[in-house]
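> Sequence and predicted structure, then a few things I'm wondering about:
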Amino acid sequence: MRRATSISARTATVARPAARSASRLQLSQVATRTFVSGTAQATSSSARTGAMLIGAAAFAGASYYSFASVKADDKVPHTGLPGTRFERTFIAIKPDGVQRGIVGEIIQRFEKKGYKLVGLKVVKPTKQFAEQHYADLSKKPFFPSLVNYFSSGPVVAMVFEGRNAIVNGRKIVGATNPADAEAGSVRGDLCIDIGRNIIHGSDGPESAKDEISLWFKEGELANWESENAKWVYEKL
C-alpha cells in the first residue's frame with residue numbers, strides 16, 4: 001500500500017524525475033512478459049513461423065512500453081483474488097492462432113474490454129505437458145488428437161487480470177464449437193472448425209488457479225497498476 005509522506009513542494013518537484021526513472025527501471029525488473037521456450041525448444045519449422053513469432057514479440061514489446069505506470073504489489077497472490085478487480089484468468093492462443101498471425105488481434109480484444117495483461121510467454125509444449133494441461137479430458141475419445149494438436153507448435157500463454165476476468169474471459173473466447181459461438185467472440189469471428197478453435201480460456205476459478213500455476217512460476221507475473229484503472233472501474 002502507498003505510504004503517505006509529507007514533503008515540501010520543492011522536494012516533490014525534484015523527486016518527480018527520479019521517480020520516473022525508478023519507475024522505468026522497475027518496469028524492466030518487475031514486468032515479466034517473457035518469451036521463453038518452456039518444456040521444449042521452440043525451433044521454427046519454416047521462415048513463416050519464425051516471422052510470425054517475431055511479429056508476436058514485436059506486438060507485446062510495443063504494448064509493454066505503453067504501460068502508464070508499474071509498481072510492485074505483493075498483496076496480489078500469484079493466482080489472483082477471485083471476486084475482485086485482481087481476479088486472474090489463464091488464456092492461451094493455440095498453435096493455429098499463432099500460425100495465422102492473429103495473436104495481436106486477440107490480445108487487443110481483452111485489453112479493449114479493460115483487462116490488464118500481467119503475464120505472457122511463447123512456449124512449444126511437449127506432448128507430456130499438453131496431457132497435463134488437458135488432464136480433465138483424458139478419458140475423452142478425442143484426447144490423443146487434442147494433445148497432438150496442442151503440442152504441434154508454439155502456444156502464446158497469457159494471464160489477464162480484472163474484475164470478472166474468468167466469466168468475461170470465457171465470453172470473449174466464445175463457445176468451444178465455433179458454429180455455436182456468438183458473433184463478436186474470438187471463436188465466433190475468427191475460426192470455423194472445432195478442431196482448430198485457436199484459443200483456450202479458464203472455465204472457472206479452480207481451473208484458472210491450476211492453469212496459471214502450471215504455466216507460470218512464482219515471480220513470472222507482473223503486479224502493476226495501470227493509470228487507466230480509474231477509467232475502467234468506478235470504484236478502485
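Now that the structure is in, tell me what you want to look at. Residues are numbered from 1 along each chain as shown.

> Correct me if wrong: Val232 contacts Asn164.
No. Counting by CB atoms under 8 Å, Val232 does not reach Asn164; the two are 11.8 Å apart. Just so you know, the C-beta spots here come from the backbone N, C-alpha and C atoms, and that holds for glycine as well.

> where exactly do the strands run in the chain?
88-93, 116-123, 155-161, 199-201 (DSSP state E).

> which other helices and strands contact the shortest one?
In other words, strand 199-201. Here strand 199-201 touches strand 88-93, helix 165-173, going by 3 or more CB pairs under 8 Å, 6 or more residues apart in numbering; DSSP states H and E.

> The closest residue to Val156 other than its chain neighbours - how many residues pack around it?
Excluding its sequence neighbours, the residue lying closest to Val156 (CB to CB, 6 or more residues apart in numbering) is Ile93, at 4.1 Å. When neighbours are defined as other CB atoms under 10 Å, Ile93 has 24 of them.

> now Gly97
Gly97 has 26 neighbours, counted by other CB under 10 Å.

> quick one, what contacts the closest residue to it other than its chain neighbours?
Excluding the flanking residues, the one nearest Gly97 by CB to CB, 6+ apart is Ile198, at 3.7 Å. The contact partners of Ile198, by CB atoms under 8 Å, 6 or more residues apart in numbering, come to 93-94, 96-97, 100, 102, 106, 186-187, 190-191.

> so where's this structure uncertain?
1-74 (pLDDT under 70).

> so where do the helices sit in it?
For the chain, the helices defined by DSSP state H cover 9-30, 47-64, 95-99, 103-113, 127-133, 143-150, 165-173, 186-190, 205-215, 229-232.

> any idea how far the residue nearest to Val156 lies from Ile198?
Going from Ile93 to Ile198 by CB to CB, to the nearest Å gives 7 Å.

> shared neighbours, the two?
Counting by CB under 8 Å, 6+ apart, the residues touching both Ile93 and Ile198 are 102, 106.

> I'd assumed Leu236 was in contact with Arg163.
No. With contact defined as CB under 8 Å, Arg163 does not count as touching Leu236 (10.6 Å).

> quick one: which of these two has more around it?
Arg163 (15 against 8).

> From Pro82, how far out is that one?
Arg163 is 10 Å from Pro82, where distance means CB to CB.

> re earlier: just the buried ones among the contacts of Ile198, please.
In the contacts of Ile198, burial by neighbour count holds for 93-94, 96-97, 102, 106, 186-187, 190-191, counting by 16 or more other CB atoms under 10 Å.

> if I look at Arg100, how far off is Arg88?
From Arg100 to Arg88 the distance is 26 Å (CB to CB).

> related to what we said a few turns ago, so which pair among the contacts of Ile198 is furthest apart in space?
Arg100 and Arg187 (13.0 Å; CB to CB).
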